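*Asks:* Need a 3D model of the sequence below.
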Amino acid sequence: MEDREDKIDRVTFFKKGFFMLVEPFMEVIDGVTKVPIPRGLRPPGAVEESLFISLCTKCDDCIQACPQSSIRSASTVDDVPEGTPLIFPEEGPCYLCDSLYCVEACPEEALQWVEKKEIRMGIARVDRDKCFRWKREDPSCDYCYTRCPFPGEAIKMVKKGGPMVMKDVCVGCGLCEYYCVTGEKAITILPRRVTKE
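*Replies:* Numbers count the residues shown, from 1 in each chain. The predicted model follows:
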């Protein structure tokens, strides 16, 4: 009996510990807690996720090569193996540098050369309930549009509306999210590694 109680206590302990770690990344909709929302993006040219994990040696060469210091090493609270490279747009987006230094620096080809327009790190999502332009609070707000490396292609402005993301063109660099001026970002990037798109 004592063993069983001890087991339940351990399970409760680890459950509570897990939720304390992931709570900042949890989404609550209509009072129902959803699974953690993955946030980190793989650098440009990342191969398919399972192959990436097998190839990446966690050498940090891509991190050191990034001129904008946008790439960081995954920590224990991220949803990928610790030490693998991630980009968090709200902290520092990918600026799509001309040489793609991170790709050049990767010794294991976990990152492979790709034309800028063919990069697919993530996909931008617009929350119209938070967007100043969609809510008509500021009809001139266009930070996401003007900071996008492909304005008019990856993000279009809807007449009498706001920004609309063209999912087939969006590279997921995160510049739109980084420069969004709403308190809680109206435009965010969902990593393509976790989408079916």
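*Asks:* okay, CA-based contacts and neighbour counts for the rest of this
*Replies:* Fine.
*Asks:* Could you list the low-pLDDT ranges of this structure?
*Replies:* Residue ranges of the chain with pLDDT under 70: 1-38, 194-197.
*Asks:* Can you show me the helices along it?
*Replies:* 2-22, 49-55, 61-65, 101-105, 143-147, 175-179 (DSSP state H).
*Asks:* For the second one, list the C-alpha coordinates in PDB.
*Replies:* What it means is helix 49-55. What follows is helix 49-55, C-alpha atoms only, in PDB (Å, rounded to 0.1, in the frame of the first residue of the first chain):
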ATOM      1  CA  GLU A  49      13.100  17.000 -39.100                       C
ATOM      2  CA  SER A  50      13.900  13.300 -38.400                       C
ATOM      3  CA  LEU A  51      16.900  13.400 -40.800                       C
ATOM      4  CA  PHE A  52      18.000  16.800 -39.400                       C
ATOM      5  CA  ILE A  53      18.100  15.300 -35.900                       C
ATOM      6  CA  SER A  54      20.200  12.300 -37.100                       C
ATOM      7  CA  LEU A  55      22.600  14.600 -39.000                       C
END
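*Asks:* Identify each buried residue in that helix, please.
*Replies:* By neighbour count on 16 or more other C-alpha atoms under 10 Å, the buried set for helix 49-55 is F52, I53.
*Asks:* quick one: that helix to chain centroid distance?
*Replies:* Distance of helix 49-55 from the chain centroid (C-alpha atoms, centre = their mean, to the nearest Å) equals 18 Å.
*Asks:* what residues does that helix touch?
*Replies:* A46, P81, T84, E108, E109, A110, L111, R193 (C-alpha atoms under 8 Å, 6 or more residues apart in numbering).
*Asks:* repeat that for 10 Å
*Replies:* With contacts defined as C-alpha atoms under 10 Å, 6 or more residues apart in numbering, helix 49-55 is touched by 42, 46-47, 80-81, 84, 107-111, 192-194.
*Asks:* As CSV, those residues with distance to D129 and neighbour count would be great.
*Replies:* As requested, those are arranged in CSV below (distance: C-alpha to C-alpha, whole Å; neighbours: other C-alpha atoms under 10 Å):
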residue, distance to D129, neighbour count
R42, 28, 24
A46, 32, 24
V47, 34, 17
V80, 30, 16
P81, 34, 14
T84, 34, 21
P107, 44, 14
E108, 43, 14
E109, 41, 16
A110, 38, 20
L111, 36, 24
R192, 23, 19
R193, 26, 19
V194, 24, 13
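*Asks:* residues in contact with V171?
*Replies:* So V171 contacts 44, 94, 96, 116-124, 148-150, 154, 189, 192 (C-alpha under 10 Å, 6+ apart).
*Asks:* go again using 7 Å as the cut-off
*Replies:* K117, I119, R120, M121, G122, I123 (C-alpha atoms under 7 Å, 6 or more residues apart in numbering).
*Asks:* Looking at the residues you listed, which is nearest L100?
*Replies:* I119 (10.8 Å; C-alpha to C-alpha).
*Asks:* Find the nearest non-adjacent residue to the closest one, please.
*Replies:* Nearest non-adjacent residue to I119, counting by C-alpha to C-alpha, 6 or more residues apart in numbering: V171, 5.2 Å away.
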